[in-house]
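> What would the 3D arrangement of this be:
(2 chains)
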Protein chains: 2
Amino acid sequence: MIAEALQLRLVNGLPVEHVPADDRGLAYGDGLYETFRVSNGRVTLRELHFERLWRGAGRLKLELDQRLIESEVAEIARQMHEGVLKLTVTRGSGPRGYRFPDPQTPLRIIQTAPLPPVGISAGEAGVRLFCCQTRLAQQPLLAGIKHLNRLEQVLARSEWQDPAIPEGLMQDTDGNLVEGTMSNLFLRFADTWVTPDLSLCGVQGVMRDHLINALRGSGETVTVRHVRMEELGHSTEVFCCNSVFGVWPVVGAATCEWPIGAATRQAQALSMQALE
Amino acid sequence: MIAEALQLRLVNGLPVEHVPADDRGLAYGDGLYETFRVSNGRVTLRELHFERLWRGAGRLKLELDQRLIESEVAEIARQMHEGVLKLTVTRGSGPRGYRFPDPQTPLRIIQTAPLPPVGISAGEAGVRLFCCQTRLAQQPLLAGIKHLNRLEQVLARSEWQDPAIPEGLMQDTDGNLVEGTMSNLFLRFADTWVTPDLSLCGVQGVMRDHLINALRGSGETVTVRHVRMEELGHSTEVFCCNSVFGVWPVVGAATCEWPIGAATRQAQALSMQALE
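The predicted structure is shown next:
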C-alpha cells in the first residue's frame, strides 16, 4: 500500500525539517517523547502513551496543549495508516541558562517511520540479549518518564555491534536488573511473572503497563519488585517488550539459556492484540 | 564599543538559526557544550575548556574535528571581542534508535551573548544561595563532563523565582554537597580550602580546575573530597565559581551566614586574572 510508505516530519504542525538552534530540548534534553505504533490509521495503546506523556510533563513542569497534541497525533496516524510515529515535545526556545523561559513556548515534533524489519522474526524465534556494562543511575525524579536525557541508553547501545543481537540488558548502579535499552523485562519464577520496579530508574514502558494489567486479567500473577542481576539465572522464561514490537521471547543472555514457554507466548498474544 | 554587542549564531560554520529536527542532541541529549568567557578577542581558560571537551568526547565516543572547532572558536572570539561564547557539539543527525549513526556527522553550534549583568555586583557584595530539593544522581560515567543531559539542573533551577538569589546548592542522592546548578563550590575549614569530589556526579568546572592549581601555587592547601551537607555550617568562608563570572563570595545559605574573608578575595583575584 502506498500509505504504508508515508514518511513525514512536522514541527509545530508545519512540514519543515528544522528546529530553532536555541531549543531547550537540544540545550538540556528538556523535553519528552513517545513512540507510538500506528495500525489501521490509529495509534495503539493511546491512553497509556498519553497518560505517561502528561505524567512526564507534570514532573518537568512542562506546559503542553494536550488537546492540540492528541488531535495532531490522531490526524497523522490516520494519514500514515501503518508504521511508527514518534512525538517529541520540548520546552521550546529560551535564552542561555537553566531557568525556565516565561512564558514557555513548547515545541512539538512528529516524525514517522516504517515498522522496523527485525521485529517479526525476533518475535517468532526469540532474541539473545547483550549484557551492558553501562549502569543506570538511581534518580527517582526522572524514573519512569520518557524524557530526552538518554545518554545512558546511548552509551549502553554503543557497547555491541553484532546485528544479530537486537537488545541489551541494563542494571542500575546498585546491581539491580532494570530493563533493556529500549524495552522492559518480564522474568518468570515458578507460576509468577516478575517485572523490575522502576521507582529509582528506568522507563515505564506502556507495553509493560498494558501487560501487567492484561496478564492479571487473564489470571496470571504479576509482581513488581526489585530484581537482583543474580536472579536472572533462576528464571524459567524471560521476555522483553515495548510498544512497537510487542513481546520478544528471550532465549539467551550471558551464560543463561531459556526455552520459549507457553506463558511467554500468551504474553506475546496479548501484546499483539494491543498493537492491532 | 560596537564590538561588544555582536551576537551571532553559527551552525556548522554557517549563519543559520536552525538545526535538523533529527539531531541526536535533541533526541537524546547526545552531545556536549562549553561556555567560554571572551575577553579582548580571546577565549579565556582556553586549554582547560578544550581539555574537558575532548575528555567528554572520549567518554561519549564522539568523533570531533578538534582543529576545526578550536580555530572556529578562536575566530568568533576575535570578532566578538567581549562576552560569552557557547559552543555545543552533538553526534549529529541519525535514524530513530540509540545506536550511533555510522559514520557520525557531528553538529557544532556557536552562540554568542553579552556578559550577564548580575556578575559584577554579586562578585562584590556576595550572594545568598537557595538550597535545592532536587538531588543529583550518582553516575560515574557522566560525572565531570559537560554533556547535554541537564534535566537535574533544569529542575533544580525551577525551584526558586527570587531574582535576588542567583544560584542554588545541590546535594547528591546520598546527601553529599556537590555543586551549584551552574557553578562549583569551595568551602574553607581552618586553613584549608575544600572542594567537593566530582567522581560520582557534578560538572568539573574549568574555573574550579584553574583555582585548585592557582590556589596551590600561591601556597594554599586545597583538598578534593566528598563533603557532607552538614559540614556547610562548620565552614568559615564559602564561594562558588564558574568560567563566566569567576568567584562569587557566598554570604548565606539555609540558616548559615558567612563573612567575605580574605581567602575568598584572594581566590576571586586569581579568578579575575584568568578571565582577563
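
> Spatially nearest residue to A:Ile165 (excluding sequence neighbours)?
What sits nearest to A:Ile165 in space, not counting adjacent residues and going by Cβ to Cβ, 6 or more residues apart in numbering or on different chains, is A:Phe130, at 5.0 Å. Where you see a C-beta, it was placed from the backbone N, CA and C, and this is true even at glycine.

> wait, what's in contact with the closest residue to chain B within the stretch 151-276 of chain A?
Nearest residue of the stretch 151-276 of chain A to chain B, counting by Cβ to the nearest Cβ: A:Arg157, 3.8 Å away. Contacts for A:Arg157 (Cβ atoms under 8 Å, 6 or more residues apart in numbering or on different chains) come out as A:168, A:181-182, B:97-100.

> ok so, going back, the residue nearest to A:Ile165 is in contact with A:Leu169, isn't it?
Yes. The pair A:Phe130 / A:Leu169 is scored as a contact, 7.1 Å apart, by Cβ atoms under 8 Å.

> Overlap in contacts, those two.
With Cβ under 8 Å, 6+ apart as the test, A:Phe130 and A:Leu169 both reach A:Ala253.

> is it fair to say the residue nearest to A:Ile165 lies in a helix?
No. With DSSP: H, G, I helix; E, B strand; the rest coil as the criterion, A:Phe130 is assigned strand and is not in a helix.

> what's in contact with the lowest-mean-pLDDT helix or strand in chain A?
Lowest mean confidence among the helices and strands of chain A (mean pLDDT, DSSP states H and E): helix A:118-125, at a mean of 84. For helix A:118-125, the surrounding residues in contact (Cβ under 8 Å, 6+ apart) are A:166, A:244-249, A:251, A:268.

> can you count the residues close to the residue nearest to A:Ala21 when sequence neighbours are not counted?
Excluding its sequence neighbours, the residue lying closest to A:Ala21 (Cβ to Cβ, 6+ apart) is B:Val19, at 5.0 Å. Counted with other Cβ atoms under 10 Å in any protein chain shown, residues neighbouring B:Val19 total 25.

> is it true that B:Val19 lies in a strand?
Yes. B:Val19 sits within a strand when classified using three-state DSSP.

> you'd agree it is up against A:Leu26?
Yes. Taking contacts as Cβ under 8 Å, B:Val19 lies within contact range of A:Leu26: 6.6 Å.

> got any residues that touch both of the two?
Common contact partners of B:Val19 and A:Leu26 (Cβ under 8 Å, 6+ apart): A:19, B:25-26.

> all strands of the stretch 101-250 of chain A, in order?
For the stretch 101-250 of chain A, applying DSSP state E, counting those that start in this stretch gives strands covering A:107-113, A:127-131, A:167-171, A:176-180, A:184-189, A:192-196, A:221-225, A:227-228, A:237-242, A:246-253.

> okay if I get these as TSV plus mean neighbour count and mean pLDDT?
Formatted as TSV, the strands of the stretch 101-250 of chain A follow (neighbours: other Cβ atoms under 10 Å in any protein chain shown; pLDDT from 0 to 100):
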stretch	mean neighbour count	mean pLDDT
strand A:107-113	22	97
strand A:127-131	21	98
strand A:167-171	25	98
strand A:176-180	25	98
strand A:184-189	22	98
strand A:192-196	21	98
strand A:221-225	13	98
strand A:227-228	17	98
strand A:237-242	26	98
strand A:246-253	23	98
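
> Output those as a markdown table; include the columns distance to A:Ile145.
Output for the strands of the stretch 101-250 of chain A, formatted as a markdown table (distance: least, Cβ to Cβ, whole Å):
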| stretch | distance to A:Ile145 |
| --- | --- |
| strand A:107-113 | 17 |
| strand A:127-131 | 24 |
| strand A:167-171 | 17 |
| strand A:176-180 | 14 |
| strand A:184-189 | 14 |
| strand A:192-196 | 16 |
| strand A:221-225 | 17 |
| strand A:227-228 | 21 |
| strand A:237-242 | 15 |
| strand A:246-253 | 22 |
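
> looking at these, which is closest to B:Ile145?
Taking Cβ to Cβ, strand A:167-171 is the member of the strands of the stretch 101-250 of chain A nearest to B:Ile145, at 20.2 Å.

> Nearest residue to the residue nearest to the spatial centre of chain A in space, ignoring adjacent ones along the chain?
Nearest to the geometric centre of chain A sits A:Gly205, at 4.9 Å (Cα atoms, centre = their mean). Nearest non-adjacent residue to A:Gly205, counting by Cβ to Cβ, 6+ apart: A:Asn184, 4.3 Å away.

> So that neighbour is in contact with A:Phe239, correct?
No. Taking Cβ under 8 Å as the definition, A:Asn184 is not a contact partner of A:Phe239, at 9.4 Å.

> roughly how far apart are A:Pro101 and chain B?
11 Å (Cβ to the nearest Cβ, to the nearest Å).

> List the contacts of that residue.
By Cβ under 8 Å, 6+ apart, the contact set of A:Pro101 is A:24, A:91-95.

> Can you tell me which of the residues you listed lies closest to A:Gly13?
For these, the nearest to A:Gly13 is A:Gly92 (13.9 Å; Cβ to Cβ).
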